[in-house]
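Colleague: Predicted model, plus sequence, below.
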Amino acid sequence: MSGTGLQKVKATAMAVIDDLATRKVPATPTNYSVWYAHVTGENPALSRRIRDHLGNNHPLSDEVLDELWRRHCSPMGDPATVAQASDRLGRVLSELGREMSAAGEDAGRYSDAIRNFGESVVKAFAAPDAASLLQDATRAMLLETKRMAEQNRSLESKLQSAGGEIDTLRRDLEEMRREAFTDPLTGVGNRKTFDRVLAEAMASARETAKPLTLVMIDIDHFKKFNDAHGHVLGDEVLKIVARTLVASVKGRDTVARYGGEEFGVILPETSLGNGYKVADQLREAVKAKKIVIRSTGTDLGRVTLSLGTAVYRAGEAATSFVKRADTALYFAKRNGRDRVADENDVQDILPSSAA
């Protein structure tokens with residue numbers, strides 16, 4: 001890590017600890033993780049929740065921070081690994097707290113030494129042995145200054161060590177979080193990502209009154225392909241579809257593997273009509289890909305998709321929203337596959353709770 005990077009980590013760590021102390025919140029690993037993500041702005045959804053909470057004059061309790069950590073920061077990885085990282089962070093923060101406390105005591109002692117030195121100088125000028133008294137006072141002040149300088153060097157060293165350790169832990173936790181929310185086969189978001197992003201997108205749509213469209217996607221005849229060519233090639237098809245979907249959407253849109261051969265695409269600030277157009281572009285982009293066995297040159301044809309779209313209705317549950325898009329998807333499959341259907345195509349067969 002560069003000197004500048006280390007200084008930034010140290011400054012951020014100190015700002016987080018100071019801010020928690022000001023709010024009378026203990027700097028536990030959980031609280032520190034939440035506030036670090038908020039201070040750095042690396043988790044906008046978390047920061048928005050915190051601002052809303054504080055804006056309503058609600059207290060920032062351990063319970064609130066625990067809930068924010070579970071929803072926005074928890075890596076949800078191996079519990080033993082998470083516990084180990086949490087213990088490491090706890091030890092670092094505890095040691096850092098002790099060092100800061102000791103530094104505060106030393107600073108107070110040094111301030112007293114300066115005051116005593118000033119008083120000794122004033123007294124010395126009025127005494128017959130002024131030279132001797134001044135020499136003693138100066139020697140004492142020099143010793144105190146030397147000790148303070150050594151303490152500052154020690155604190156600087158420990159701050160550097162703590163800053164590096166905190167940065168390493170943060171990267172480790174971020175990696176665990178990334179792995180926990182990523183489908184290992186395709187590299188896109190997994191079901192956890194889908195559920196989390198959809199919930200956040202629905203909340204944003206309610207707040208802004210802007211449209212939100214969901215596209216549910218299923219690979220046509222995937223089971224037959226697997227049976228005919230094996231799961232290895234089937235996995236390759238899933239990877240191709242995932243890469244093509246990601247390459248065909250905008251940065252604010254989210255592609256996730258919903259399960260099996262089904263994917264979901266979340267389109268914020270997108271109307272049903274525009275969502276239908278995006279879905280059809282996705283269908284065409286995947287269909288343009290040829291599946292070829294490189295070792296033999298065998299052409300296995302093209303992959304087609306069936307897609308269903310629905311637009312969010314304020315107040316409905318996520319399960320209802322997904323159900324409407326899924327119903328449109330299966331309408332597309334029943335009507336020939338390789339096509340897009342939207343919720344308006346299936347009004348007569350939608351359950352009453354989603355109507």
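Modeller: Received, thanks.
Colleague: Below-threshold pLDDT in this protein: ranges please.
Modeller: 1-10, 29, 42, 70-146, 148-178, 348-355 (pLDDT under 70).
Colleague: How are the strands of it distributed by residue range?
Modeller: Under the criterion DSSP state E, the chain carries strands at the ranges 212-219, 254-259, 262-268, 290-293, 298-302, 305-311, 339-342.
Colleague: okay, these, which one's buried deepest?
Modeller: Ranked by mean neighbour count under mean count of other CB atoms under 10 Å, the strands of the chain are led by strand 305-311, which reaches a mean of 28. Every residue, glycine included, has its C-beta placed from N, CA and C.
Colleague: which helices and strands sit right next to it?
Modeller: Strand 305-311 is packed against strand 212-219, helix 272-287, helix 318-334, strand 339-342, with contacts defined by 3 or more CB pairs under 8 Å, 6 or more residues apart in numbering; DSSP states H and E.
Colleague: Just the residues contacting it, thanks.
Modeller: Identification of contacts with strand 305-311 by CB atoms under 8 Å, 6 or more residues apart in numbering yields 211-220, 241, 271-272, 275-276, 279-280, 282-283, 286-287, 321, 324-333, 337-343.
Colleague: do you know how far residue 17 is from residue 194?
Modeller: 35 Å (CB to CB, to the nearest Å).
Colleague: neighbour-wise, which of the two wins?
Modeller: Per other CB atoms under 10 Å, whichever of residue 17 and residue 194 has more neighbours is residue 194, with 26 against 18.
Colleague: show me what contacts the more buried one?
Modeller: By CB under 8 Å, 6+ apart, the residues touching residue 194 are 254, 256-258, 264, 266.
Colleague: Equivalent analysis for residue 221, please.
Modeller: By CB under 8 Å, 6+ apart, residue 221 lies in contact with 304, 337.
Colleague: Just read off the phi/psi values of it.
Modeller: Residue 221 adopts backbone torsions of phi 50, psi 30, taken as degrees, to the nearest 10.
Colleague: Can you give the domain ranges for this protein?
Modeller: 3-180, 191-354 (automatic domain parsing).
Colleague: Export stretch 297-313 to PDB, keeping only CA atoms.
Modeller: Output in PDB follows, covering the C-alpha atoms of stretch 297-313 (Å, rounded to 0.1, in the frame of the first residue of the first chain):
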ATOM      1  CA  GLY A 297     -16.100 -27.700 -35.000                       C
ATOM      2  CA  THR A 298     -19.500 -29.200 -34.400                       C
ATOM      3  CA  ASP A 299     -22.300 -26.600 -34.700                       C
ATOM      4  CA  LEU A 300     -24.900 -27.200 -32.000                       C
ATOM      5  CA  GLY A 301     -27.100 -24.400 -33.200                       C
ATOM      6  CA  ARG A 302     -28.300 -21.300 -31.500                       C
ATOM      7  CA  VAL A 303     -29.800 -20.600 -28.000                       C
ATOM      8  CA  THR A 304     -33.200 -19.000 -27.800                       C
ATOM      9  CA  LEU A 305     -34.900 -17.400 -24.800                       C
ATOM     10  CA  SER A 306     -38.500 -17.000 -23.600                       C
ATOM     11  CA  LEU A 307     -38.900 -13.700 -21.600                       C
ATOM     12  CA  GLY A 308     -41.700 -12.200 -19.500                       C
ATOM     13  CA  THR A 309     -41.900  -8.600 -18.400                       C
ATOM     14  CA  ALA A 310     -43.900  -6.800 -15.700                       C
ATOM     15  CA  VAL A 311     -43.900  -3.300 -14.300                       C
ATOM     16  CA  TYR A 312     -43.900  -2.700 -10.500                       C
ATOM     17  CA  ARG A 313     -47.100  -1.600  -8.900                       C
END
